[in-house]
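# Here's a sequence, model it:
(chains A and B)
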2 protein chains.
Amino acid sequence: MTVMLRVALGIVGLLFAQAVVAADNPLSSWNDGPAKKAILEFVAAVTDENTKDYVPAEERIAVFDNDGTLWVEYPMYTQVFFALDRVKKLAPQHPEWKTKQPFKALLEGDMKTVGASGMKGLMELIMASHAGMSGDEFEQEVAKWLATARHPHLDCLYKECLYQPQLELLAYLRANEFKTFIVSGGGIQFMRPMTLKAYGIPPWQVVGSSIVSEFKTRDGKPEVVRMPKIDFIDDKAGKPVGIYQHIGRRPILAFGNADADMQMIQYTKAGKGRRLGLFVHHTDADREYAYDRDSHVGKLDKALDQADANGWIVVDMKNDWNRVFPFEE
Amino acid sequence: MTVMLRVALGIVGLLFAQAVVAADNPLSSWNDGPAKKAILEFVAAVTDENTKDYVPAEERIAVFDNDGTLWVEYPMYTQVFFALDRVKKLAPQHPEWKTKQPFKALLEGDMKTVGASGMKGLMELIMASHAGMSGDEFEQEVAKWLATARHPHLDCLYKECLYQPQLELLAYLRANEFKTFIVSGGGIQFMRPMTLKAYGIPPWQVVGSSIVSEFKTRDGKPEVVRMPKIDFIDDKAGKPVGIYQHIGRRPILAFGNADADMQMIQYTKAGKGRRLGLFVHHTDADREYAYDRDSHVGKLDKALDQADANGWIVVDMKNDWNRVFPFEE
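Sure thing, here's the model as predicted:
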């Protein structure tokens, strides 16, 4: 039995090895160029036991920002659209919102006043839409919303506005025994209902911002209940902290798209041995959007200036990706 | 190629299926009895697509407390021994400790006064020994300590004082496509240097208590630095919260050994479908220790009273385990 098992495993091993080689272009939506070359060379080096760059499989940690790196973030983070829709849905239970800003403005469609309420106003909308319910209820609300909510300009549901080249990269890394994680400024529990299906990333490999939660028994049922208070902001200098607390191992590859990802990539690159740091640069106004230094979302400014000096790879969406979305033909 | 691959995979599939059946006693350190029966029946049910209890692999989450459930916690939590040893090691750099309690008492070997300093004193020792260094430095310190630190009574290094039946259970669950997690009141970063080797559990599947950490650039090197402030206590009602925030999915199996694990097990059992909750009862004064209702560590009192009514399985170490430690013969 043992011998047969070994023989069979040997056959499969050989076949898989050949399959990886045979799939001669695992990143087919990536054009040949410096970005794709850097990725292929990096993966080849850290997986080859005969190089000084070799990294054991258990230490092959790759982290990805979500908004603007794995899925669309323009003209506004998907989670903000969710919050706005949910406040509208909850309005009948909150007659006080008719006279209370920024709720009043939102319900009247006056987005300028909503915007003018600033971070304080936005936090009130986020708390009203994200807290005051159990974890299970929130998960169901998000899943229900994601099932039908459409992007305002692109021809896709939000959950379909994913970048095809990144889906290929995630699969390619996993095929090379990397563990793939999301490390996002977005809400950890907002992302989790879709990450496994969309990206092949299970809930416990998602790191994000969170609100305080408490264990309570309601109607005799033990639950975790979401409270209207910020627990952790997984953004900028929070990202390396989120990685340390949640993953517990320094990544060898980090991929972002904004200045808010710089600290995560600095932390990644500062580890011993070969590391790779990358940014998506949104340069494609035809297929997606073009924005960077002055953008209200995904601002990419300092990172562009410092990329060369730090050896960060800037992926030019227009030139490096021959296909942006899975639904393109 | 595809056909060959399928044939080869088919052979392997068959062989593995037979291997699982052939290993006729995957829990060989467990005596036949109600606890082992409950585990085997539970795993058989949730992995059988033809039962109403079937759970897809991606939802087969099993959580284990660490101290007293996977490794020894008596006469004192291993992490406390680490803290005491580390304070002694750091003493030459802290002349002020010669006159400051509880440091003075500890350095003089006066453990009674240390104990009398209570939770406040203990927290001072924990912070002095766990904070003020980078995450990498702390990991190295813990690993170095674990490499040689011996249990005061048992004939093992702390890292070897593991329960053999639990190692078998973890492997058995993983062979049945469960994902295994640690959910412990102990420090998350104290556990991580040993969990992969000891239990086959990678760092990101370890949930625990934490101190605040901050991203800083020290000597030009971006690092996460540990601060002397509690971030999260993953104990009692904190355990379901830790599970929600870190794992993001309600477990179907939870295993603890103390009243402090009740909330985790209540939360687990309150989910829909078949669930299993278990407690180790330390009843073996010959091979390990016997303690429960009045113990200063791992107090097991209310849970014993409520076990029957809630369908919690109480594992009697003396009678349910024919072998306690891997190093026994």
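# Show the low-confidence segments of chain A, by residue range.
With pLDDT under 70 as the threshold, chain A has low-confidence stretches at A:1-23.
# in it, which spans are helices?
Along chain A, counting by DSSP state H, helices occupy A:2-22, A:34-46, A:78-90, A:103-107, A:111-116, A:118-130, A:135-148, A:164-175, A:188-199, A:238-242, A:262-269, A:302-310, A:317-320.
# quick one: A:Lys236 and chain B, what's the gap?
With distances defined as CB to the nearest CB, to the nearest Å, the gap from A:Lys236 to chain B amounts to 8 Å. C-betas here are computed from N, CA, C, even on glycine.
# burial count for that residue?
A count of neighbours around A:Lys236, defined by other CB atoms under 10 Å in any protein chain shown, yields 17.
# Any idea which of the helices of chain A gets closest to A:Pro228?
Comparing the helices of chain A by their distance to A:Pro228 (CB to CB), the top pick is helix A:118-130, with 3.9 Å.
# what comes up buried for the closest one?
In terms of neighbour count (16 or more other CB atoms under 10 Å in any protein chain shown), helix A:118-130 has its buried residues at A:Gly121, A:Glu124, A:Leu125, A:Ile126, A:Met127, A:Ala128, A:Ser129, A:His130.
# Which strands and helices lie in contact with that helix?
helix A:78-90, helix A:103-107, strand A:221-232 (3 or more CB pairs under 8 Å, 6 or more residues apart in numbering or on different chains; DSSP states H and E).
# Could you save those as JSON lines and add columns showing mean neighbour count?
As requested, the helices and strands packed on helix A:118-130 are arranged in JSON lines below (neighbours: other CB atoms under 10 Å in any protein chain shown):
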{"stretch": "helix A:78-90", "mean neighbour count": "18"}
{"stretch": "helix A:103-107", "mean neighbour count": "19"}
{"stretch": "strand A:221-232", "mean neighbour count": "18"}
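# I'd like those written out as JSON lines, with distance to chain B added.
Written out in JSON lines, the entries for the helices and strands packed on helix A:118-130 read as follows (distance: least, CB to the nearest CB, whole Å):
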{"stretch": "helix A:78-90", "distance to chain B": "16"}
{"stretch": "helix A:103-107", "distance to chain B": "28"}
{"stretch": "strand A:221-232", "distance to chain B": "4"}
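# now for those, which one comes closest to B:Arg86?
Relative to B:Arg86, the nearest member of those by CB to CB is strand A:221-232, separated by 27.3 Å.
# Contacts for that closest one next, please.
A:123, A:127-128, A:130-136, A:138, A:189, A:209-218, A:238, A:242, B:240-241, B:243-245, B:263, B:266-267, B:270 (CB atoms under 8 Å, 6 or more residues apart in numbering or on different chains).
# repeat for stretch A:46-63
Counting by CB under 8 Å, 6+ apart, stretch A:46-63 makes contact with A:45, A:173, A:176-183, A:207, A:243, A:247, A:249-255, A:264, A:268, A:273-274, B:196, B:202, all of which sit outside it.
# again, only using 6 Å
Contact with stretch A:46-63 is made by A:45, A:173, A:176-181, A:183, A:249, A:251-254, A:274, as judged by CB atoms under 6 Å, 6 or more residues apart in numbering or on different chains.
# can you tell me which two in those residues are farthest apart?
Once CB to CB is applied, those give A:Ala45 and A:Val183 as the farthest pair, at 23.1 Å.
# More neighbours: those two, which one.
With other CB under 10 Å as the criterion, A:Ala45 and A:Val183 differ in neighbour count, and A:Val183 comes out ahead with 29 against 16.
# Find the centremost residue of chain A, please.
Taking CA atoms, centre = their mean as the criterion, A:Asn66 is the residue nearest the geometric centre of chain A, at 1.7 Å.
# how close does A:His138 sit to chain B?
Not His; residue A:138 is Phe. Where chain B is concerned, A:Phe138 sits at a distance of 10 Å (CB to the nearest CB).
# what's near enough to touch that residue?
Taking CB under 6 Å, 6+ apart as the criterion, A:Phe138 is in contact with A:Gln189, A:Arg226.
# For whatever residue of the stretch 51-200 of chain A ends up closest to chain B, which non-adjacent residue is closest in space?
Shortest the stretch 51-200 of chain A-to-chain B distance, computed as CB to the nearest CB: residue-wise this is A:Arg192, at 4.7 Å. The shortest distance from A:Arg192 to any residue that is not its chain neighbour, by CB to CB, 6 or more residues apart in numbering or on different chains, is 4.2 Å, and that residue is A:Pro203.
# what's the neighbour count on the one you found?
Other residues near A:Pro203 number 19, with proximity taken as other CB under 10 Å.
# can you check the one 4 residues further on too?
Close neighbours of A:Val207, defined as other CB under 10 Å, add up to 27.
# The one 4 residues further on too?
Each residue near A:Ile211 was counted by other CB under 10 Å, and the total is 20.
# same deal with A:Asp286?
A:Asp286: 8 surrounding residues under other CB under 10 Å.
# do you know how far it is from A:Trp321?
Counting by CB to CB, to the nearest Å, the gap from A:Asp286 to A:Trp321 is 12 Å.
# and if you look at A:Asn310?
Distance of A:Asn310 to A:Trp321, given as CB to CB: 23 Å.
# Tell me how chain A divides into domains.
Each domain of chain A is listed here as a residue range: A:26-75+A:161-320, A:78-148, per automatic domain parsing.
# Show me which residues of chain A sit near chain B.
When proximity is defined as CB under 6 Å from any CB of the partner chain, chain A approaches chain B at A:5, A:8, A:11-12, A:15, A:135, A:192, A:203-204, A:210, A:213, A:215, A:221-222, A:224, A:237, A:240-241, A:244-245, A:247-249, A:263, A:266-267, A:270.
# PyMOL command for the buried members of those?
A single PyMOL command suffices to select whichever of these are buried according to 16+ other CB under 10 Å:
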select buried, chain A and resi 5+8+11+12+15+135+192+203+204+210+213+215+222+224+237+240+241+244+245+247+248+249+263+266+267+270
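# Can you tell me the number of residues neighbouring A:Gly273?
Each residue near A:Gly273 was counted by other CB under 10 Å, and the total is 12.
# Please state the backbone phi and psi of it?
Here the main-chain torsion angles of A:Gly273 (degrees, to the nearest 10) amount to phi 90, psi -170.
# Of the contacts of stretch A:46-63, just the buried ones, PyMOL syntax please.
Applying 16+ other CB under 10 Å to the contacts of stretch A:46-63, the buried members can be selected in PyMOL as follows:
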select buried, chain A and resi 45+173+176+178+179+180+181+183+249+251+252+253+254+274
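# Out of the contacts of stretch A:46-63, which is nearest to B:Ala83?
Scanning the contacts of stretch A:46-63 for proximity to B:Ala83, where the rule is CB to CB, the winner is A:Arg249, at 23.4 Å.
# Next one: the closest one relative to B:Lys144, how far apart?
For A:Arg249, the distance to B:Lys144 under the criterion CB to CB works out to 18 Å.
# Repeat that for A:Met191.
37 Å.
# quick one: which of the two has more around it?
Summary of the neighbour comparison: A:Met191 and B:Lys144, criterion other CB under 10 Å, with A:Met191 having more neighbours (27 against 11).
# who's in contact with that one?
Listed by CB under 6 Å, 6+ apart, the contact partners of A:Met191 are A:Val206, A:Gly208.
# surely A:Gly68 meets A:Phe255?
No - under the criterion of CB atoms under 6 Å, A:Gly68 is not in contact with A:Phe255, lying 10.7 Å apart.
# quick revisit: can you redo the helices and strands packed on helix A:118-130 as JSON lines with distance to B:Val114?
Conversion of those to JSON lines gives the following (distance: least, CB to CB, whole Å):
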{"stretch": "helix A:78-90", "distance to B:Val114": "48"}
{"stretch": "helix A:103-107", "distance to B:Val114": "55"}
{"stretch": "strand A:221-232", "distance to B:Val114": "33"}
